[in-house]
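A.B. asks: Okay, predicted coordinates and the sequence, questions at the end:
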Amino acid sequence: MDFSPIINQVVGVLWYLIPLVIFAYILKSPWFKSPWFKGVAGEFIVNLSAKLMLDKEKYHLIKNVTLPTEDGSTQIDHIIVSIYGIFVIETKNMKGWIFGSPYQKTWTQKIYKYSSKFQNPLHQNYKHVKTLQSLLGITDEKIFSLVVFVGKSTFKTEMPENVTYRGGYVRFIKSKTQPVLSESEVNEITNKIETGRLRPSFKTNRDHVKYVKSIVKYKENINSQTCPKCGSSMVLRETKKGANIGKKFWGCSNFPKCRGIVNVT
């Protein structure tokens with residue numbers, strides 16, 4: 001008896017099942033839920049919508065741009081250059097309720113009973129914008145900051161027009177119809193970004209992640225400082241006069257009620 005037809009059918013079914021099994025495994029794996037994967041997925045969604053919804057002849061997309069700074073580096077998710085301006089995009093792949101305002105230092109994510117704080121993305125993108133402005137030597141009216149939330153999130157407070165859901169950022173970009181750059185300036189800016197960025201590589205990304213972690217650790221150390229006298233939080237201060245003028249020290253936040261200090265080592 002010839003079993004070849006049966007074997008061929010089984011092999012054909014396996015060709016369909018194997019990718020599904022792999023995909024199911026990926027969905028259940030820890031790294032699928034990691035911040036890194038969520039970030040990559042969010043950036044992919046923004047990249048795809050830009051390619052599908054924006055004319056590539058008018059809008060030039062540059063993604064994952066790492067620029068050197070005085071103290072390390074800054075990483076920009078997406079830059080879109082056009083005659084209507086330069087759009088600097090920060091992507092957030094988050095779910096739940098989002099609370100925040102342009103002037104708050106941190107925003108809040110709430111999922112059921114659980115709440116967590118995260119850096120105001122407008123403040124985060126401000127550094128990106130200023131670093132890019134410094135590289136390009138352009139004025140404020142030619143560059144726009146944009147924050148895009150992807151994922152199942154809902155704004156529970158009123159947001160400015162440059163904080164959007166998913167494809168809403170495309171509507172924001174298309175709302176800018178007054179040319180502020182010439183075609184030659186667009187080409188020059190695109191070339192400057194490509195030559196001024198750090199070369200995309202595993203090492204570049206690793207070094208940037210290391211720098212970000214050092215900043216987070218520094219902030220954690222600041223927040224962990226407590227007054228040895230009353231247990232309140234400490235504030236980094238600087239001596240204004242005397243022999244130790246300019247010297248930094250930790251002072252109690254309850255000053256002048258409490259005069260506890262800790263020297264900076």
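C.D. replies: Thanks, I have it.

A.B. asks: and the host helix or strand of I89, what other elements does it pack with?
C.D. replies: Using DSSP states H and E, I89 maps to strand 85-93. Strand 85-93 is packed against helix 35-53, strand 72-82, helix 121-136, strand 143-150, helix 168-174, with contacts defined by 3 or more CB pairs under 8 Å, 6 or more residues apart in numbering; DSSP states H and E. (Glycine included, C-beta is placed from N, CA and C.)

A.B. asks: Adding mean neighbour count, mean pLDDT and distance to C258, write these out as JSON lines.
C.D. replies: Shown next, in JSON lines, are the helices and strands packed on strand 85-93 (neighbours: other CB atoms under 10 Å; pLDDT from 0 to 100; distance: least, CB to CB, whole Å):
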{"stretch": "helix 35-53", "mean neighbour count": "15", "mean pLDDT": "67", "distance to C258": "38"}
{"stretch": "strand 72-82", "mean neighbour count": "21", "mean pLDDT": "89", "distance to C258": "35"}
{"stretch": "helix 121-136", "mean neighbour count": "18", "mean pLDDT": "92", "distance to C258": "31"}
{"stretch": "strand 143-150", "mean neighbour count": "22", "mean pLDDT": "94", "distance to C258": "40"}
{"stretch": "helix 168-174", "mean neighbour count": "18", "mean pLDDT": "91", "distance to C258": "48"}
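
A.B. asks: among those, which is nearest N162?
C.D. replies: Proximity to N162 (CB to CB) singles out strand 143-150 among these, at 5.2 Å.

A.B. asks: how big is the angle separating the strand holding I89 from helix 121-136?
C.D. replies: Relative orientation of strand 85-93 versus helix 121-136 (axes from the mean of the first three to the mean of the last three CA atoms, to 10 degrees): 140 degrees.

A.B. asks: Listing partners with orientation, what would you give for strand 85-93?
C.D. replies: Within its sheet, and counting by DSSP bridges, strand 85-93 is paired with strand 72-82 (antiparallel), strand 143-150 (parallel).

A.B. asks: Of all these, which one is nearest T66?
C.D. replies: strand 72-82 (4.8 Å).
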